[in-house]
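Peer 1: With the sequence up front, the predicted model follows.
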Amino acid sequence: MGDATERELVLEISRGNQVAYKQVLEAQLPAVARYVSRMMGGSREAEDITQEVFLRLWTHAGDYHAGQARLTTWLHNIAHNLCIDYFRKHKRIVHEPPADDIEGGPEPDRQFFVALTSEQVRQGVMRLPERQRSALILCHFQGLTNKDAAIILDVSVDALESLLARARRKLKTSLSDNYDSEQLSRSDR
Amino acid sequence: MNQNQFRKLLETYGANEANWPAESISSARVLIGQSEAAARLLLEFRAFDEALDRYQVEIDAGELSARILATVPFASGASGATRLVDRILDWLIPESTNLANLWRPAIAATFPLLLGVVLGSTISLNGNDLVDNWQDEIYLLALASEETEPLP
């Protein structure tokens, strides 16, 4: 979907064109739903949040400015804000430590990562503070550019890259710590 | 590029060279060629990226799409009509719990009070005003008739 087409489609949606809405929904739903699902760790609320994102596409289409961001960036931004609102409301915020506190201990070797399961990675991602989690999901899983991810998180590109570096560092050490404690509890049995 | 800078590059952009900034690629390649530790670090980050890729989520887009289409208020006159009301409500009752936004509902709550003050100062509810005016009028007419009565 080109920029011009996106602009025209969203303009049509703001005029109440249901065909245009369905076209955008079909094109954008999978990516937005995956982002929300990963942010929420696969919980049931993810579908409600995704639904709310596309409800806002219908009710707030006039707020989209094609010159400022791509449509997918705008929708991801709405999704991100809804996720953060949800975490705040349900007190599920993972507090972000100061950058200096993230330096971990010895890092695991290559073989360790080869053995990791999808569920272990999911749990590790969920232990990340929200902004670091979002930065990693947007850039690694959603394949967005650092610039788009920075717009979604409302930070500078430098700040986004700092979040990404901290997220990867923290996730590596967190997975390793968790793996070690799992091994210990198994050997105790 | 040294080992620490290379580690920082991998932490920021991952192990896929296609995501690295163009100006860093050649110096990173030189380091990987010269340093066994750098080459090992790259393999480690590749394995880390592959572990991340294992975390896939399944989306039933068809079902979710149907659910969304069933809840979008197409019949209510579409986005233009609902937008104004939604925007006023969004402004009055912000979703964020930020205390700085409390002034909006506070202003909305004082509006009826201000309206009452304005109405009270401009509209009198005293029903005797009309009667008083009528009596004054008669009284003045009576005075006028006395003054203009011809002398016998």
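Peer 2: Ah, there it is.

Peer 1: so how far is residue B:38 from the most centrally placed residue in chain A?
Peer 2: Note on chain A: the residue nearest the mean C-alpha position is residue A:134, at 3.6 Å, using CA atoms, centre = their mean. Residue A:134 sits 30 Å away from residue B:38 when distances are taken as CB to CB, to the nearest Å. For every residue, glycine as well, the C-beta is placed using N, CA and C.

Peer 1: And residue B:1, by the same measure?
Peer 2: Distance from residue B:1 to residue B:38, by CB to CB: 9 Å.

Peer 1: Show me whatever sits in contact with both of the two.
Peer 2: residue B:31 (CB atoms under 8 Å, 6 or more residues apart in numbering or on different chains).

Peer 1: Between the two, tell me which one has more neighbours.
Peer 2: Each of residue B:1 and residue B:38 has its neighbours counted (other CB atoms under 10 Å in any protein chain shown); residue B:38 has more, 21 against 17.

Peer 1: Next up, the contacts around the more buried one.
Peer 2: Residue B:38 sits next to B:3, B:6, B:31, B:32 when contact means CB under 8 Å, 6+ apart.

Peer 1: what residue ranges in chain A score low on pLDDT?
Peer 2: A:1-4, A:92-108, A:178-189 (pLDDT under 70).

Peer 1: Now it against chain B: closest residue?
Peer 2: residue A:16 (2.8 Å; CB to the nearest CB).

Peer 1: Check whether that residue sits in a helix, strand or coil.
Peer 2: coil (DSSP: H, G, I helix; E, B strand; the rest coil).

Peer 1: how close does it sit to residue A:58?
Peer 2: For residue A:16, the distance to residue A:58 - CB to CB - is 9 Å.

Peer 1: which one of the two has more residues nearby?
Peer 2: Counted by other CB under 10 Å, residue A:16 and residue A:58 do not tie: residue A:58 has more neighbours, with 23 against 18.

Peer 1: Run through who's touching the host helix or strand of that one.
Peer 2: Applying DSSP states H and E as the criterion places residue A:58 in helix A:45-59. Under the contact criterion CB under 8 Å, 6+ apart, helix A:45-59 has outside partners A:13, A:21, A:24-25, A:28-29, A:32-33, A:36-37, A:39-40, A:75, A:78-79, A:82-83, A:86, B:64, B:67-68, B:71-74, B:78-79, B:82-83, B:86.

Peer 1: got the buried residues for that helix?
Peer 2: A:46, A:47, A:49, A:50, A:51, A:52, A:53, A:54, A:56, A:57, A:58, A:59 (16 or more other CB atoms under 10 Å in any protein chain shown).

Peer 1: Any stretches of chain B with poor pLDDT?
Peer 2: By pLDDT under 70, the low-scoring segments of chain B are B:76-87, B:94-100, B:124-132, B:143-152.
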